[in-house]
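Enquirer: curious how this folds, go ahead:
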Amino acid sequence: MIRAGRQHLVRTIADLAAGRRLSKGTFSNRQLHRAPGHPRPISSEHAKVLLWDGAQTDAYNAGTPIPSLPELDDDSDLLDRNEAATTVGVKPSSWDTYKAAPSLASRMVRVKGVEHWPRGTILAWKAARPGYAAGTSRPKGAGDLVPRDMMHTRTAPLLDADPAVTGKAVAEALGVHLQTAQTALGQLRAQRIAERLRDRPGRSAVDVATELGYPAKAVRRAVTLAEAYHRAHNIRPYLASVTQALTAAGITPGEPAVRVGDDGQACVSLTLGPDTAVAALVWHEQYGWFTSPSRRHPIPSKAAGRPPAGEGIRYLGQSVTPQAEEIAAAVLDRRKGTNYPRTEGGCSHT
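Expert: As a prediction, the model looks like this:
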């Protein structure tokens, strides 16, 4: 590790060679850094890049007594990948996933090209890690530490770091329930497959998932979701017409947000302005348009394959894809709409 306040003294093997006025190759071939009495590296035992403390190596070269390094741990000590993993009690490969957590990523520093994290940051993250209960990665009854609408943003770096990352690893890194992590992970993989399918038409979703490095057991679910995202993408012209009709009627819609519901069907939500009595609109590829009472979470969860129902939910239009002007008029007139969809047919704009 790099002891607190000694980052400026760190040396690489190239620095050691330069100090002896030798090339790095000559220095390494002669194994001069392994000579009797030479200071030991300050990096971990299995580190890929070895580092030394410059005060110690300078003293060795000068033939003077080699100073000792501080022995007491400090929160400002900088730990490398292997040391961080040991501190948390996981394998280095697991740390490669955990390090993408915002609280760790924001404090990571590179010293001579090697990633390090302050000891205090690692310990704080470790203390905040959730326990296990009832097969989840959060104590039973505890809420998620990450708001649902931030899950994709927080999960994406973990997936970038490891395409095969598991739901359990994401749950531990972010402090959320296992099901929450698995849902976000599956949706992100599906979105990326769908994006590749649009860029490279003619490829199968399974082939694209394999190219992206997704594990076989996650491919089936990801492919199903990706196909739903792809269907939602295909109705963009229709969604644009609805947005235009709402704007013309004096209603301010937000940007369309595409999600796949718990039933595997594509959904698109539009939050509406604060002056509108309806908080949000949702288009469901099986049930069509309905109003939602929530701007933050407009798409109801866990509908168990049944049409969402309840206070604030009205189904609009006579079909899955009614005329845009019909939707705008129904938003303004609370008398229009039904408690359940008039149709449960498939999407006609795919």
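Enquirer: and Leu316, what does it touch?
Expert: Counting by C-beta atoms under 8 Å, 6 or more residues apart in numbering, Leu316 makes contact with 281, 288-291, 322, 326-327, 330-331, 336-337. (Glycine included, C-beta is placed from N, CA and C.)
Enquirer: mind putting these into JSON lines with distance to Leu9 and pLDDT?
Expert: As requested, these are exported to JSON lines (distance: C-beta to C-beta, whole Å; pLDDT from 0 to 100):
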{"residue": "Leu281", "distance to Leu9": "61", "pLDDT": "92"}
{"residue": "Gly288", "distance to Leu9": "67", "pLDDT": "91"}
{"residue": "Trp289", "distance to Leu9": "65", "pLDDT": "93"}
{"residue": "Phe290", "distance to Leu9": "64", "pLDDT": "93"}
{"residue": "Thr291", "distance to Leu9": "64", "pLDDT": "93"}
{"residue": "Pro322", "distance to Leu9": "71", "pLDDT": "91"}
{"residue": "Glu326", "distance to Leu9": "72", "pLDDT": "93"}
{"residue": "Ile327", "distance to Leu9": "67", "pLDDT": "93"}
{"residue": "Ala330", "distance to Leu9": "70", "pLDDT": "91"}
{"residue": "Val331", "distance to Leu9": "66", "pLDDT": "91"}
{"residue": "Lys336", "distance to Leu9": "74", "pLDDT": "88"}
{"residue": "Gly337", "distance to Leu9": "71", "pLDDT": "86"}
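Enquirer: of those, buried ones?
Expert: Applying 16 or more other C-beta atoms under 10 Å to the contacts of Leu316, the neighbour count classes 281, 288-291, 322, 326-327, 330-331, 337 as buried.
Enquirer: which of those residues fall in strands?
Expert: Using DSSP state E, 281, 288-291 are the members of the buried ones among the contacts of Leu316 that sit in strands.
Enquirer: now distance to Arg314 too, for the buried ones among the contacts of Leu316, in TSV please.
Expert: What follows is the buried ones among the contacts of Leu316, written out as TSV (distance: C-beta to C-beta, whole Å):
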residue	distance to Arg314
Leu281	10
Gly288	11
Trp289	9
Phe290	6
Thr291	5
Pro322	13
Glu326	13
Ile327	11
Ala330	8
Val331	9
Gly337	3
